[in-house]
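> 3D model of this:
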Amino acid sequence: MMTNAAGGGWGLLFMAVLIPGFHHQRNDSSIQTGSNSKAQIYQPVLQPSESIPPIGMYTLRTRAGKPCIKASMGAEFIVIEKKTWYFNLDPSRVQTTGYCEKQAALMSLTLPDNAASLQFTFRKEKDVFYVTKITAHVSPLPVCQKCANKTYSGLVDHEKLFKTTDGRSFKCKSENLLLMSSVFNVKLVPLQIQAFTVPKGQYGKEVECWADFNRRVIPIVIGATVVGLILIAVLTFLFIKDRRRQGYESL
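So this is what the prediction gives:
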C-alpha cells in the first residue's frame, strides 16, 4: 500500500513537471466555485433624450383568480440631475403585485432588484373609484463616473386621479405628468385603467379625460367659430352692398 501511494505521488509529480497546465485538484467539498464573481444587480440606465415609452399591459388578480385591476400604460421616469435624464419602464421586466379589497386596492409595478417601481393606490366610494396615491422610485446607474449612487423617489398623495364610475375604465391618450418631487417626475402616456370591477378581465365603457376632450372639442369649436365669423362677414358685405344699390335708385 505504501509503495502504491508513493508511486502515485511520483507519477503526479512527473506529470506536473512535463505537462504544461496540469494542476492537481483536491476532492474537497469546502472549495467554493466562483467566489470571486459578483452577482449582477439590475440598474436602470438614464438617457439624455426622450423616447416613446413601450406600452405595458398589467392585470392584478384576487386570490381566487378574478381580475380586479387592469391597466395599460407607457411610463417614463424623468430625473433632474444637473440636466434632465429619462428612463422608460420596461414592461417585459415588470413584476405586478398588490392586493384588492372591497373599498381599497393597490397595484405595484416593480423592476428586478427593486431598481424602480410605480405604485397606485385605489379607493372606492359608493359607485365611484379613483387613484388617491401614486408613489415611485428609481435607482439608476450614476450619470457620471464620479457621481454617487442615488435613489430618486416621490409621491402624489390625497388626490382623486383618474376618477370614474365603477365598471368603467378611465382612458387618456394625452400626457399625464406627475410631479413626484423637485427632481423626479413620472409621465404616463397613454393610460387606460380600471379597478375593483373588471368583468371577464375586459375594460368597460371608456371615460375620456379632460385633456383628450379639449384636444378633440376645441378644434371643432374654433373651426365653427371661424366659419361663423366668415359667414357673418359675407352676410354683412352683401347687406351693405344691397343698401348701397338701393341708395342709387331714382325716386
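
> what's the burial count for residue 212?
Per other CB atoms under 10 Å, the neighbour tally for residue 212 reads 15. From N, CA and C alone the C-beta is placed, and that goes for glycine too.

> what residues sit buried inside stretch 168-181?
Residues 168-172, 174, 176, 178, 180 are the ones in stretch 168-181 that count as buried (16 or more other CB atoms under 10 Å).

> residues making contact with that stretch?
Stretch 168-181 has contacts (CB atoms under 8 Å, 6 or more residues apart in numbering) with 70, 134-136, 152-156, 162-164, 185-194, 203-209, 211-212, 215.

> just the helices in the stretch 51-200 of the chain please.
Taking DSSP state H, counting those that start in this stretch as the criterion, the stretch 51-200 of the chain contains no helices.

> which residue ranges of it form strands?
Using DSSP state E, counting those that start in this stretch, the strands found in the stretch 51-200 of the chain span residues 56-61, 67-81, 83-88, 95-100, 104-110, 116-125, 128-138, 152-165, 169-172, 176-181, 184-195.

> packing partners for the last one?
Using 3 or more CB pairs under 8 Å, 6 or more residues apart in numbering; DSSP states H and E as the contact criterion, the elements in contact with strand 184-195 are strand 67-81, strand 116-125, strand 128-138, strand 152-165, strand 169-172, strand 176-181.

> now for the protein, the helix or strand with the poorest mean pLDDT.
helix 2-18 (a mean of 45; mean pLDDT, DSSP states H and E).

> quick one on the thing from earlier: which among the contacts of stretch 168-181 end up buried?
70, 134-136, 152-156, 162-164, 185-194, 203-204, 207-209.

> coming back round to it: quick one: which of the strands of the stretch 51-200 of the chain is nearest residue 228?
Using CB to CB as the measure, strand 169-172 is the one of the strands of the stretch 51-200 of the chain that comes nearest residue 228, at 30.5 Å.

> partner strands of the closest one, parallel or antiparallel?
Strand 169-172 has its sheet partners listed here by DSSP bridges as strand 184-195 (antiparallel), strand 206-208 (parallel).

> can you give me how far the longest one is from the chain middle?
For strand 184-195, the distance from its own C-alpha centre to the chain's C-alpha centre is 7 Å (CA atoms, centre = their mean, to the nearest Å).

> what of the last one?
For strand 206-208, the gap between its own C-alpha mean and the chain's C-alpha mean amounts to 20 Å (CA atoms, centre = their mean).

> name the residues that touch that strand?
By CB under 8 Å, 6+ apart, the surrounding residues in contact with strand 206-208 are 164-165, 168-172, 192, 216.

> which one of those residues is nearest residue 117?
Of all the contacts of strand 206-208, the one sitting nearest residue 117 is residue 192; the distance, using CB to CB, is 20.3 Å.

> the closest residue to the closest one other than its chain neighbours bridge partners, please.
What sits nearest to residue 192 in space, not counting adjacent residues and going by CB to CB, 6 or more residues apart in numbering, is residue 171, at 4.5 Å. As for beta bridges, residue 171 partners with residue 192, residue 208 under DSSP bridges.

> tell me the phi and psi of residue 229?
Phi and psi for residue 229, reported as degrees, to the nearest 10, are phi -70, psi -40.

> residue 230: which of the buried residues of stretch 168-181 is nearest?
Checking the buried residues of stretch 168-181 against residue 230 with CB to CB, the nearest one is residue 174 at 30.0 Å.

> from residue 108, how far out is residue 86?
Taking CB to CB, to the nearest Å as the measure, residue 86 and residue 108 are separated by 22 Å.

> also residue 118?
Applying CB to CB to residue 118 and residue 108 gives a distance of 8 Å.

> which of those two has more neighbours?
More neighbours sit around residue 118 than around the other of residue 118 and residue 108, counting by other CB under 10 Å; the figures are 24 against 18.

> pretty sure the more buried one contacts residue 111?
No. Judged on CB atoms under 8 Å, residue 118 makes no contact with residue 111 at a distance of 9.3 Å.
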